[in-house]
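Chemist: Next one to model:
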Amino acid sequence: MIHRTNLASRVVSAPACAPRRTVERAAGPAGQRRAAPHMCSLALLLLVQLSAQHVLAQQAGPAGEAPSPTEAPAQPDVAAPATVDAPSQAPALPEASAPSAAAAPIEAPAPTDAPAASAVPAIPDLTWRSGDVWFRPGGVLQLRYTLNERPELSGDTGTTSRFSVPRVRVILNGGLTDYLSFRVRLGVLSGGNARFEQAYSDVKLSEHLSLRAGILFLPASIGDDPAPQDLQGIDYSQYGLQTSGGNAAAAGARATFGRVRAHAYFSNGLRTGFSEFAAPVAASVAVTGRVEANLLTEDGFGRFDTESSFIGSDLALRLGAAAHYQKGRSDGTLPDGDLQQYTADVSLEGSGFNLLVAGRLLRVHPETGNTTMDPGLLAQAGMFVNERIEFWARYDALFSDGQVHSFPDDRNGLQDNYQAIGAGINGYLIPGRNMAKLQADFTYVPDPIASTWADASDNSGVLLTETDSQWALRLQLVLGY
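Modeler: Numbering: from 1, shown residues only. I've put the predicted structure just below:
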């Protein structure tokens, strides 16, 4: 570092003779000769000031203030009386510009922050608005390969290999006023026809209470609550499918008070509007309710819309319970009987990990035959190893109480238990988003399913077995918005 005293002595000694030589060569009146010492003093003063500013700029370092604003006003003060000796001031200008050139890169750290902004890509907003009216499109597409092996079958019939498009959904959300909104979902399952899966409207009565009516999701279980693109696994578990309330023509209310949320609906019965796979159960009257609490976090309930918990998320806990009751119709699948289902669930999430445990108790009381009480269990956990790769594992079970079941009557008495274990890996093409994922999973079912609650279907990856085990390997690309 240059010492300020040494620099000042060099400045005084070096240019001091220059004005003297100029005066000796100058020809003119005595007034001009008297002006020379005055101009020499001004030049000397300018050089001392600029040199001091140069030293201060070097001492300031990266956190120092820019010297250029203080130098700009100094130039007019010297330029006004220096019309005669302009050549003598020329060496001073390069010295003044040097510190500002050196300081400029020090004071521009902004470009180093630019890469951080692109770490989590922003979701493009496709919402169209005009005043209070708005529309937002959405959709889901799944492309899947499944390899299923059933040892009880020989030859080609024992191995099933297929490509499929399990789901295509087109979704439109919209609003007509601040208090009136709607949702329409058109979907196609693998091998099926297009149909309206959801179509309902919300009326907002206050900040805490709203009404909902139409073909809507019944929150009888947490197992099938997330949308397909928000699942950790490739598809819903058998627990999720069988405990599902599905979609039904219904009307009810939703209320949120701080960390507690509640739903209550009257409907036509479980899965009577739309069901992924499990059979509908029509009712003369049906009521569904759910209560849940959101703890340990300041995030809203929307945080739990996805089963995965991305790196950087804070700790969150959700406790939930639901109940469903319905009275069978005389012309339905449970004529004049009644059905009750109770579920409870716990979800714990943190930075890059999640844990979900859920259970159910299903009581079926047909008009004639045995009254049965069947429990079920779902346990699932996942963990990110980096922002793009996630591993998960799952156990789900649907137990029988061992009695011969009068309902349903197509499961050989339904006296056996269904159990399955699965594990998988997810690759996130867009980190921190469920918009584009590559998935792979493996499922093993140790026992036959013919006399259990499980439904055989291509989408679930579980096929009909009567005497032995089965396993399935699946690969999938899912896109969603």
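Chemist: isn't there a strand covering residue 304?
Modeler: No. Under DSSP: H, G, I helix; E, B strand; the rest coil, residue 304 falls outside any strand and is assigned helix.
Chemist: Tell me which helix or strand the residue lying closest to residue 398 once chain neighbours are set aside sits in.
Modeler: Nearest in space to residue 398, with sequence neighbours left out and distances taken as CB to CB, 6 or more residues apart in numbering, is residue 453 at 3.9 Å. No exception for glycine: its C-beta is placed from N, CA and C like everyone else's. For residue 453, there is no enclosing helix or strand under DSSP states H and E.
Chemist: Following the record's annotation, map out the domains of the chain.
Modeler: Domain segmentation of the chain under automatic domain parsing yields 4-106, 128-480.
Chemist: what residue ranges in the chain score low on pLDDT?
Modeler: 1-121 (pLDDT under 70).
Chemist: Could you tell me how many residues sit around residue 398?
Modeler: Residue 398 sits with 27 neighbouring residues when counted by other CB atoms under 10 Å.
Chemist: What strands line up against the helix or strand harbouring residue 362, and which way round?
Modeler: Here residue 362 is covered by strand 353-365, with elements defined by DSSP H and E. Strand pairing for strand 353-365, determined by DSSP bridges: strand 338-350 (antiparallel), strand 372-384 (antiparallel).
Chemist: Pull the distance from stretch 393-405 to the chain's centre.
Modeler: Averaging C-alpha positions (CA atoms, centre = their mean, to the nearest Å) puts stretch 393-405 33 Å from its chain's average.
Chemist: what's near enough to touch residue 470?
Modeler: Shown in contact with residue 470 (CB atoms under 8 Å, 6 or more residues apart in numbering): 148, 149, 150, 151, 444, 445, 462, 463.
Chemist: who's it bridged to?
Modeler: Beta-bridge pairing for residue 470 (DSSP bridges): residue 445.
Chemist: Could you report the neighbour count for the nearest residue to residue 159 once chain neighbours are set aside?
Modeler: Spatial nearest neighbour of residue 159, chain neighbours left out: residue 149 (5.5 Å); criterion: CB to CB, 6+ apart. Residues near residue 149, counting by other CB under 10 Å, number 15.
Chemist: wait, what's in contact with residue 149?
Modeler: 158, 159, 160, 470, 471, 472.
Chemist: for residue 138, same thing?
Modeler: 170, 171, 172, 173, 480, 481.
Chemist: And the helices in the stretch 51-200 of the chain?
Modeler: Along the stretch 51-200 of the chain, counting by DSSP state H, counting those that start in this stretch, helices occupy 68-71, 74-79, 86-89, 92-106, 110-117.
Chemist: before we move on, back to that, format the contacts of residue 470 as a markdown table; extra columns: distance to residue 194.
Modeler: A markdown table is the format used below for those (distance: CB to CB, whole Å):
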| residue | distance to residue 194 |
| --- | --- |
| 148 | 27 |
| 149 | 32 |
| 150 | 31 |
| 151 | 37 |
| 444 | 34 |
| 445 | 31 |
| 462 | 25 |
| 463 | 25 |
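Chemist: Out of those, which end up buried?
Modeler: Neighbour counting by 16 or more other CB atoms under 10 Å classes 148, 150, 445, 462, 463 among these as buried.
Chemist: where's the third one relative to residue 456, distance?
Modeler: Which is residue 445. Separation of residue 445 from residue 456 (CB to CB, to the nearest Å): 10 Å.
Chemist: same thing with the first one?
Modeler: When CB to CB is applied, the distance between residue 148 and residue 456 equals 10 Å.
Chemist: Which neighbours do these two have in common?
Modeler: Residues within reach of residue 148 and of residue 456 at once, by CB under 8 Å, 6+ apart, are residue 463.
Chemist: List the beta-bridge partners for residue 418.
Modeler: Beta-bridge pairing for residue 418 (DSSP bridges): residue 398.
Chemist: Distance check, residue 251 against residue 452.
Modeler: On the measure of CB to CB, residue 251 and residue 452 end up 34 Å apart.
Chemist: and those two? which has more neighbours close in?
Modeler: residue 452 (24 against 13).
Chemist: Now do the contacts for the closest residue to the more buried one other than its chain neighbours.
Modeler: Closest residue to residue 452 apart from its sequence neighbours, by CB to CB, 6+ apart: residue 418 at 3.7 Å. Contact analysis of residue 418 by CB under 8 Å, 6+ apart lists 238, 397, 398, 399, 445, 447, 449, 452, 453, 454.
Chemist: The second one is in contact with residue 421, isn't it?
Modeler: No. With contact defined as CB atoms under 8 Å, residue 397 and residue 421 do not form a contacting pair (9.6 Å).
Chemist: more crowded one of those two?
Modeler: The residue with more neighbours, out of residue 397 and residue 421, is residue 397; 21 against 15, by other CB under 10 Å.
Chemist: if I look at the more buried one, how far off is residue 237?
Modeler: 10 Å.
Chemist: now swap in residue 306 and tell me
Modeler: Distance from residue 306 to residue 237, by CB to CB: 16 Å.
Chemist: beta partners for residue 362?
Modeler: Bridge pairing for residue 362 - DSSP bridges - gives residue 341, residue 374.
Chemist: Is residue 475 bridged to anything, and to what?
Modeler: Beta-bridge partners, per DSSP bridges, of residue 475: residue 145, residue 440.
Chemist: re earlier: who's more crowded, residue 306 and residue 237?
Modeler: In this view residue 306 and residue 237 are compared by other CB under 10 Å, and residue 237 has more residues nearby, 27 against 18.
Chemist: Please name the residues that touch the more buried one.
Modeler: Applying CB under 8 Å, 6+ apart, the residues near residue 237 are 223, 378, 380, 394, 396, 420, 422.
Chemist: Excluding sequence neighbours, find me the nearest residue to residue 211.
Modeler: Leaving aside its chain neighbours, residue 211 sits nearest to residue 203 (4.5 Å; criterion: CB to CB, 6+ apart).
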